[in-house]
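Trainee: Let's see this in three dimensions:
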Amino acid sequence: MRNTLGLIFAIIAAPAIAAADPSAPGDPVADGEKIICKGKPSTGTRFATRKCMTKAEWEAMSEQHTRAAKEMFSKPTINPPEEAIRR
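Mentor: A predicted model of the protein is given here:
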C-alpha cells in the first residue's frame, strides 16, 4: 500500500517537477542566459562582493577589459625631456 501511494505520487508529480526544471530544452535560461555569480575580493575587507551576470555579460565584460588593457599597453609613453632628467 505504501509503495502504491508513492508510485501514484511520483506519476502525478513528475510533470510538475519537469515543468519547474530551469534547464529544460528550449528554455532561454539554458541557452546562454543562465545567471552566473562570482565572488570578487574587495580592498579593505575580508568579505568578497558577489556579482551576478549572465554568461554573455561576463564574456562582454572580459572582452572590454582585454581591449582596454591592449589599448593601454599599445600607446606610446611620453618621455620627459633630457633637461628634466639631468637636474
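Trainee: Show me the helices in this structure, by range?
Mentor: Remark: helices assigned in the chain by DSSP state H are 2-20, 55-74, 82-86.
Trainee: In stretch 38-58, which of the residues would be classed as buried?
Mentor: Judged by neighbour count using 16 or more other Cβ atoms under 10 Å, stretch 38-58 contains no buried positions. Every C-beta, even on glycine, is put in place using the N, C-alpha and C of the backbone.
Trainee: Pull up the distance across that stretch, start to finish.
Mentor: End-to-end span of stretch 38-58 (Cα to Cα, to the nearest Å): 10 Å.
Trainee: Compare the helices of the chain and say which comes out lowest on pLDDT.
Mentor: Of all these, the minimum mean pLDDT falls on helix 2-20 (a mean of 55).
Trainee: how near is Glu63 to Pro76?
Mentor: Taking Cβ to Cβ, to the nearest Å as the measure, Glu63 falls 24 Å from Pro76.
Trainee: so what pLDDT did Ser42 get?
Mentor: 85.
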